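Asks: this is the structure alone, sequence omitted:
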């Protein structure tokens, strides 16, 4: 006769399920709050005004609620960061995976990963007090707060994410594919670009999405070094506030609960969430589109 | 079998090979006849795959390896182990087919033209022509002619292996090295590949490593029996199989060990 299932086992299983569901619950909770508070905001302000107005002055006597100036700040700093981090991170990953000896790889990778443990506030002050003065040597008219310096520092910050995850993906490409290419007389570089990268493209896309999401959501560096004034500009040499910098700024103030100014935090948060979410979906689609068995 | 004595395509003289401190090959001397099939047989770990991979300098990819002796490639009689010889040049002339089919994550067409592309061939007509020729030579044309731009991974294992053969053939190599090319395939796919190899020897010199003695007997003209890193016996396949001069060879061939 079969033994009855152990009830203790069932309890443990239920607890494990609960632990697994907690992250789902928290995510749904956050999205719920963002949606609820944003709905209150959109009762006062039309979606069209929110998406088309070119000024963001919610706390002024004559308030405007256009998200574009904040988005332009976020996009510009992110663009600068990616222009630096995507090529550099990819090249590092390729070098570590395809060229470096085991010894070099085991030495360099921990240092790269150490970069992720530097608190972002330090990166922020580094941008303001080191990178900006250096850039001013080249471009004296550069303002003390500017998106270029913040973007470059965010770029340095996300390089380890991009290079480390890409390197894992490249390293996972089976050796027999590399050998097949080398045996045809291909150089290491031809092998890397024509065989290894196409085989690892889904993992590299995942690395890029992770880096982009980090750059969009980065707060401390931009709050410290990019400026606090919402300005609709795509010029990285100017100061401008990003979505995240605005949230910090307003959260630190003493806005009355339930006022429209208070709701703007949530609507800005929702915007940020939607943008990163879209990137993640795009990354997911890219992954499934390019996913192939070796 | 043709009766006239074949020319040499390569001569291996006193080849020794080390991985770090381990000596894998000990003073192997062996001729490779032009446009013939030479089979390397022997129990696992005897060094036959290592030997094969010395012929196109694939062993250079591992750190800490050392070659001694010479591999003379005819007709120029260059020693391909000479440090001055670029291994890439060697691999341009000597193709390889691996144990596990390893098509690239590209279309069937792009797999076949891979070697041509890295050699800088851009002309569309040339590429098209070579694809047809290589796929026909690899006995795959009829099965894939309507889907040349489908990803190579849609093919079966045997078709993938014939695709890899087509890829090796497309650049007109002088010699092709086969490293147990059918060990991952079913009997039907295996016999197709054997048939194909027999047909190929009019065009190209073939060296094949195999675990399968019947296979060596069926397709090769010459057989080398290796054991513990040394060459025990080398000769015409029919002689080796019917009248081996070494007791070890006889025991291996009759299945008493290995």
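Replies: It's in. Because the structure is a prediction, the values reported are computed rather than measured. Numbers count the residues shown, from 1 in each chain, chains lettered A, B, ... in the order given.
Asks: so, low pLDDT: which residues of the chain?
Replies: Using chain A. Along chain A, segments meeting pLDDT under 70 span A:1-2, A:290-294.
Asks: actually chain B
Replies: Within chain B, the segments meeting pLDDT under 70 span B:1-5, B:258.
Asks: which stretches of it form helices?
Replies: Under the criterion DSSP state H, chain B carries helices at the ranges B:48-55, B:87-93, B:108-118, B:124-137, B:141-144, B:157-169, B:187-200, B:213-219, B:237-242, B:247-253.
Asks: relative to chain B, which residue of the stretch 1-150 of chain A is the closest?
Replies: Taking C-beta to the nearest C-beta, chain B has its nearest neighbour within the stretch 1-150 of chain A at residue A:101, 6.9 Å off. Any C-beta I mention is one placed from the backbone N, CA and C, and that applies to glycine too.
Asks: look up the closest residue to that residue, ignoring the ones flanking it.
Replies: Excluding its sequence neighbours, the residue lying closest to residue A:101 (C-beta to C-beta, 6 or more residues apart in numbering or on different chains) is residue B:63, at 6.9 Å.
Asks: and for stretch A:191-210, what are the contacting residues?
Replies: With contact meaning C-beta atoms under 8 Å, 6 or more residues apart in numbering or on different chains, stretch A:191-210 is reached by A:86, A:89-90, A:93-94, A:97-98, A:161-166, A:168-170, A:172-173, A:177-178, A:180-182, A:186, A:279-280, A:282-283, A:286-287, A:290-292, A:294, B:104-106, B:114, B:117-118.
Asks: among those, which ones are buried?
Replies: By neighbour count, with 16 or more other C-beta atoms under 10 Å in any protein chain shown, these hold A:86, A:89-90, A:93-94, A:97-98, A:161-166, A:168-170, A:173, A:177-178, A:180-182, A:186, A:279, A:283, A:286-287, A:290, B:104-106, B:114, B:117-118 as buried.
Asks: inside helices: which ones of those residues?
Replies: When these are checked against helices (DSSP H), the matches are A:86, A:89-90, A:93-94, A:161-166, A:168-170, A:177-178, A:180-182, A:279, A:283, A:286-287, A:290, B:114, B:117-118.
Asks: on that earlier part again, the residue of the stretch 1-150 of chain A closest to chain B touches residue A:108, doesn't it?
Replies: No: Residue A:101 lies out of contact with residue A:108 (C-beta atoms under 8 Å); the separation is 10.7 Å.
Asks: and the stretch 1-150 of chain B, which residues reach chain A?
Replies: Contacts of the stretch 1-150 of chain B with chain A, taken as C-beta under 8 Å from any C-beta of the partner chain, map to B:56, B:58, B:61, B:63, B:88-89, B:91-92, B:95-96, B:98, B:100, B:102-106, B:114-115, B:117-119.
Asks: next: the stretch 151-258 of chain B.
Replies: B:151, B:153, B:164, B:167-168, B:171.
Asks: ok, the residues you listed vs residue B:237, which is closest?
Replies: Nearest to residue B:237 among these: residue B:168, at 22.9 Å, using C-beta to C-beta.
Asks: enumerate every residue touching the closest one.
Replies: Neighbour list for residue B:168: A:184, B:95-97, B:115, B:176 [criterion: C-beta under 8 Å, 6+ apart].
Asks: quick check: end-to-end length of stretch A:92-106?
Replies: In stretch A:92-106, first residue to last residue: 13 Å (C-alpha to C-alpha, to the nearest Å).
Asks: in terms of secondary structure, what does the longest helix anywhere in chain A contact?
Replies: When chain A is parsed with DSSP H, its longest helix is helix A:7-44. For helix A:7-44, the packing partners by 3 or more C-beta pairs under 8 Å, 6 or more residues apart in numbering or on different chains; DSSP states H and E come out as helix A:260-290.
Asks: what sits against the residue nearest to the spatial centre of chain B?
Replies: The centroid of chain B falls nearest to residue B:177 when counting by C-alpha atoms, centre = their mean (1.4 Å). The neighbours of residue B:177, taking C-beta under 8 Å, 6+ apart as the test, are B:52-53, B:55-56, B:94-97, B:207-209.
Asks: hey, what's it bridged with?
Replies: Beta-bridge partners recorded for residue B:177 (DSSP bridges): residue B:96, residue B:207.
Asks: for residue B:161, list the residues it contacts.
Replies: Residues near residue B:161 by C-beta under 8 Å, 6+ apart: B:97, B:101, B:181-182, B:184-185, B:189, B:193.
Asks: state the distance from it to residue B:84.
Replies: As judged by C-beta to C-beta, to the nearest Å, residue B:161 and residue B:84 stand 35 Å apart.
Asks: likewise for residue A:9?
Replies: 69 Å.
Asks: what do you get for residue B:91?
Replies: From residue B:91 to residue B:84 the distance is 16 Å (C-beta to C-beta).
Asks: between the two, which is the more surrounded one?
Replies: Looking at residue B:91 and residue B:84 with other C-beta atoms under 10 Å in any protein chain shown, you find the greater number of neighbours at residue B:91, namely 24 against 6.
Asks: that one against residue B:53, yeah?
Replies: No: taking contacts as C-beta under 8 Å, residue B:91 lies outside contact range of residue B:53: 11.0 Å.
Asks: buried residues in stretch B:70-83?
Replies: Result for stretch B:70-83 [16+ other C-beta under 10 Å]: buried residues B:70-74, B:78, B:80-81.
Asks: right, and the pair among these with maximum separation?
Replies: Spanning the widest gap among these are B:74 and B:81, at 14.8 Å by C-beta to C-beta.
Asks: what is the burial count for the closest residue to chain A within the stretch 151-258 of chain B?
Replies: Using C-beta to the nearest C-beta, residue B:153 is the residue of the stretch 151-258 of chain B that sits closest to chain A, at 5.6 Å. Per other C-beta under 10 Å, the neighbour tally for residue B:153 reads 14.
Asks: is it true that it touches residue B:107?
Replies: No: here residue B:153 does not reach residue B:107: they are 10.0 Å apart, not a contact under C-beta under 8 Å.
Asks: interface residues of the stretch 101-250 of chain A facing chain B?
Replies: Close to chain B, as judged by C-beta under 8 Å from any C-beta, the stretch 101-250 of chain A has residues A:101-102, A:174, A:176-177, A:179-187, A:190, A:194-195, A:198-199.
Asks: wait, residue B:93 sits on residue B:172?
Replies: No: contact criterion C-beta under 8 Å: residue B:93 and residue B:172 do not qualify, at 9.4 Å.
Asks: compare the contacts of residue B:161 and tell me which is most surrounded.
Replies: residue B:181 (28 neighbours).
Asks: now that one: phi and psi?
Replies: The phi and psi torsions at residue B:181 (degrees, to the nearest 10) take the values phi -70, psi -20.
Asks: and the residue nearest to it when sequence neighbours are not counted, how far from residue B:163?
Replies: Closest residue in space to residue B:181, ignoring its immediate chain neighbours: residue B:97 at 5.0 Å, by C-beta to C-beta, 6+ apart. Going from residue B:97 to residue B:163 by C-beta to C-beta gives 10 Å.
Asks: do the same with residue A:124
Replies: Distance from residue A:124 to residue B:163, by C-beta to C-beta: 54 Å.
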